[in-house]
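S.K.: Structure for this input, please:
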Amino acid sequence: MLSADANFIHHLRLAWRGELELFPLFDYAGQLDQAGQRELAAALYQTWLARNNTPDDALVYFNLGAMLSGLGDDEGARAAYVRAIELRPSLIQPHFNLGLIYERLGQTQLALAEWLYVANRASADNEAERPLLRLALNNLGRVHENNRQYADALTFLTRSLALDPVQPDVLHHWIFLRAKQCVWPVYAPLDGVDPDLMRRSTSALAMISLSDNPEEQLAAARRYVDKKLDLNVPALAPTETYGHRKIRIAYMSSDFCLHPVAMLTAELFELHDRERVEVFGYCWSREDGSDMRARIVNSMDYFRRIHDLSDEAAARLIREDEIDVLIDLQGQTLGARPGVLAYRPAPIQITYLGLPATTGLPFIDYVIADRFLIPEDHARFYSEQPLYMPDIYQVSDRKRVSNPVPSRKECGLPEDGFVFCSFSNNFKYTPELFAVWMDILRRVPDSVLWLLADNPWAEVNLREEAKKHGMDDRRLIFGSRVTPATYLARYATADLFLDSYPFNAGTTANDALWMGLPVLTCSGRTFASRMAGALLSAAGMPELITDNFRDYKEKAVALAQAPEEVVRLREKLKLVKRNGVLFDTQRFARNLENRLIQLAREKEVKPLA
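M.R.: As a prediction, this is how the structure comes out:
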């Protein structure tokens, strides 16, 4: 019996002599691959191709491409797939794999072209091609969604679901894409798709804007954990904290850049008392070159880039730094790395700001909250224990800068009439909320509703929806995305901010109040539906908090008809900005440190008696 080395040499000689048939070649190369000898399999294929010339060379080039791809040789894999296509253009699989290689090389348009080829040429009736067709459609949907081409993304995913209606991950994106474009109802019937599966496939983030049922949100979060996370990993940190004189607080995020989370937290990082705490940042954010990113980096005592580390390696780095309290700023939002937290690299792990809902993550101990945001009798709907702040859960940045207030004309607004605004992402709007808004406009003549031009498809759909309500769609004014300073200045031009429900404004409500614009909210039972109410409660303005659409509507109409009351509210907000707890970032930093130090001291290693 030949040894492994001798067996390889034997097959290599046969390939060199042109005596190795195709199927024995594939069989032996497959054995090498299974044995972890992928380099030898690639060498065997390369030798065979150099010494043979057959009608089946395209298949060998394809297999070579797969081996080189697995070895991380993307350029070599690309060349192999291209050659396979040149030799046999009718092959579908090399086009699909070539798309994956182009994406890894950062050549997204070339990747899309390859997958579009598969989508247009593969047959749903061909058993070999059907799975490739489905995967190509899914990749087209994913990349178009990432590129904010929501309509095309939805079209591709709808085609994929027609091929296979039992795809929870695809439904997850299909649902959110409809919400982003205000395609209502979001839960539309789809041939072959079980409506219950559609509901159960809704992501934790999408569920926030579709439901004010805290049990549904907890269930959605836990489904993600069950399906996506490996919980069978070792805990790295001790159960006790380390007893450092200054406790080590770490924040981890992919949003340490020009992002709403960074815009809220920047001053907090700067104001932490270095006599009491050391501040670490663990970052896998994009390098956007913004002043905000530079500010965040400079605000940390230790700033670690972990973008090129595996989850385990990142967790081990956190453990080596002996972090006492690890605060995750993402939850289950885009870019999150719960796999790092699963290793429990810190004795105390907390979620904050990123996901306005329970994370469902069993390795998160606390969620930073206040008693309006999460009333004590609602705590049972959270996998985390509420860590109650005394004044307000949300931190603010007092250093944010606004441009001069623009005129109504500069904003595309009418010179006269009451201006309602809502600058939240459009997926926060629901048909029920929009109907309330249309009724408000109907009852307040010459008023307009100023919205964020989030994406062109949402604008078209919202205008059409307005017409269905008998409303002149010109009373909807869409403002484009602008720089943060110009965005802030716009708030001073509006008269009243109409909050969304069940997904309230978070950072946007904070910005509106900072700029002196009253915010009218409707509070419900979930974290997301109580965010603006928490801010208004801290501001001492409960008159702007409602708990049903009827009162919300009546209050909006009453304020539009009472300009003196709006002026009073604006004057009160000036006092809140100057003297209130809502924007007292230094007070917030001390309160947070007090709570974290208390937690850390309670879990310190106790000396033996």
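S.K.: so the residue nearest to residue 512 when sequence neighbours are not counted bridges to which residues?
M.R.: Leaving aside its sequence neighbours, residue 512 sits nearest to residue 497 (Cβ to Cβ, 6 or more residues apart in numbering; 4.5 Å). Heads up, the C-betas are built off the backbone N, CA and C, glycines and all. Counting by DSSP bridges, residue 497 forms beta bridges with residue 421, residue 519.
S.K.: was I right about residue 497 contacting residue 519?
M.R.: Yes. With contact defined as Cβ atoms under 8 Å, residue 497 reaches residue 519; the gap is 4.3 Å.
S.K.: which residues are in contact with both of the two?
M.R.: Common neighbours of residue 497 and residue 519, counting by Cβ atoms under 8 Å, 6 or more residues apart in numbering, are 505, 509, 512.
S.K.: Tabulate those (JSON lines), appending neighbour count.
M.R.: Below are the shared contacts of residue 497 and residue 519 laid out as JSON lines (neighbours: other Cβ atoms under 10 Å):
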{"residue": "505", "neighbour count": "26"}
{"residue": "509", "neighbour count": "25"}
{"residue": "512", "neighbour count": "27"}
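S.K.: List the ones among those that fall in helices.
M.R.: Under the assignment DSSP state H, the shared contacts of residue 497 and residue 519 contribute 509, 512 to helices.
S.K.: on that earlier part again, mind checking which of residue 497 and residue 519 has more residues around it?
M.R.: Of the pair residue 497 and residue 519, residue 519 is the one with more neighbours under other Cβ atoms under 10 Å, namely 29 against 26.
S.K.: Tell me the spacing between residue 180 and residue 461.
M.R.: 10 Å (Cβ to Cβ, to the nearest Å).
S.K.: neighbour count winner among those two?
M.R.: A side-by-side neighbour count of residue 180 and residue 461, using other Cβ under 10 Å, places residue 180 first with 24 against 18.
S.K.: give me the low-pLDDT residue ranges for the stretch 251-400 of the chain?
M.R.: In the predicted model, the stretch 251-400 of the chain carries no residue with pLDDT under 70.
S.K.: Now do the helices in it.
M.R.: 260-271, 291-299, 311-320, 338-342 (DSSP state H, counting those that start in this stretch).
S.K.: What lies in contact with the third one?
M.R.: If you take Cβ under 8 Å, 6+ apart as the criterion, helix 311-320 is touched by 233, 236-237, 250, 252, 282, 304, 306, 309, 326, 337, 339-346.
S.K.: now the longest one
M.R.: In this structure, residues lying in contact with helix 260-271 by Cβ under 8 Å, 6+ apart are 251, 253, 255-256, 279, 281, 292-293, 295-296, 299-300, 329, 353-354, 394-400, 484, 506-507, 510, 585-586, 588-589, 592.
S.K.: Restricted to buried residues, select these in PyMOL.
M.R.: In PyMOL, this line selects whichever of these come out buried by 16 or more other Cβ atoms under 10 Å:
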select buried, resi 251+253+255+256+279+281+292+293+295+296+299+300+329+353+354+394+395+396+397+400+484+506+507+510+585+588+589+592
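S.K.: now, which of the contacts of helix 260-271 lie within strands?
M.R.: By the criterion of DSSP state E, membership of the contacts of helix 260-271 in strands covers 251, 253, 279, 281.
S.K.: got the contact list for the third one?
M.R.: For residue 279, the residues meeting the contact criterion (Cβ under 8 Å, 6+ apart) are 249, 250, 251, 269, 272, 299, 300, 301, 302.
S.K.: Turn those residues into TSV, columns for distance to residue 445.
M.R.: Formatted as TSV, these follow (distance: Cβ to Cβ, whole Å):
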residue	distance to residue 445
249	53
250	54
251	49
269	48
272	51
299	49
300	53
301	57
302	59
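S.K.: Can you tell me which of those is nearest residue 567?
M.R.: If you rank the contacts of residue 279 by distance to residue 567 using Cβ to Cβ, residue 269 comes first, at 36.3 Å.
S.K.: ranges for the strands of this structure?
M.R.: 247-253, 277-283, 302-305, 325-328, 348-351, 366-369, 385-388, 419-422, 448-452, 476-479, 496-498, 519-522, 545-546.
S.K.: thought residue 481 was touching residue 455?
M.R.: No. Using Cβ under 8 Å, residue 481 is not in contact with residue 455; the gap is 10.2 Å.
S.K.: the more surrounded of these two?
M.R.: Counted by other Cβ under 10 Å, residue 481 and residue 455 do not tie: residue 455 has more neighbours, with 19 against 10.
S.K.: got a list of what the spatially closest residue to the more buried one that is not a sequence neighbour touches?
M.R.: Leaving aside its chain neighbours, residue 455 sits nearest to residue 150 (5.7 Å; criterion: Cβ to Cβ, 6+ apart). Listed by Cβ under 8 Å, 6+ apart, the contact set of residue 150 reads 144, 177, 180, 181, 455, 457.
S.K.: What distance do you get for the last one to residue 162?
M.R.: Put plainly, it is residue 457. Going from residue 457 to residue 162 by Cβ to Cβ gives 21 Å.
S.K.: Compare these two (neighbour count), which wins?
M.R.: Ranked by neighbour count (other Cβ under 10 Å), residue 457 and residue 162 place residue 457 first, with 19 against 15.
S.K.: Make sure the more buried one is actually in contact with residue 177.
M.R.: No. Counting by Cβ under 8 Å, residue 457 stays clear of residue 177, with 9.5 Å between them.
S.K.: what is in contact with these two at once?
M.R.: Shared contacts of residue 457 and residue 177, defined by Cβ under 8 Å, 6+ apart, are found at 150, 183.
S.K.: the domain parsing of the protein - what is it?
M.R.: Using automatic domain parsing, the domains assigned to the chain come out as 4-169, 247-388, 419-582.
S.K.: Residue 188: which of those domains is closest?
M.R.: domain 4-169 (10.1 Å).
S.K.: How far off centre is that closest one?
M.R.: 30 Å (Cα atoms, centre = their mean, to the nearest Å).
S.K.: same question, stretch 594-607
M.R.: Between the centre of stretch 594-607 and the centre of its chain there are 32 Å (Cα atoms, centre = their mean).
S.K.: Buried residues in that stretch, which are they?
M.R.: Buried-residue list, stretch 594-607, by 16+ other Cβ under 10 Å: 595, 596, 597, 599, 600, 603.
S.K.: Where does confidence bottom out across these?
M.R.: Taking pLDDT as the measure, the buried residues of stretch 594-607 have their low point at residue 603 (87).
S.K.: and it, what does it touch?
M.R.: Counting by Cβ under 8 Å, 6+ apart, residue 603 makes contact with 239, 240, 241, 347, 348.
S.K.: Now list the buried members of these.
M.R.: Of these, these count as buried by 16+ other Cβ under 10 Å: 241, 347, 348.
S.K.: any idea of the pLDDT on the nearest residue to residue 533 once chain neighbours are set aside?
M.R.: Of all residues not flanking residue 533 in the chain, residue 523 sits nearest, at 3.8 Å (Cβ to Cβ, 6+ apart). Note for residue 523: predicted pLDDT of 98.
S.K.: what does residue 605 give?
M.R.: pLDDT for residue 605: 66.
S.K.: Same check on residue 156?
M.R.: Taken from the predicted model, the pLDDT recorded for residue 156 is 98.
S.K.: now swap in the one 10 residues further on and tell me
M.R.: Residue 166 is assigned 96 on the pLDDT scale.
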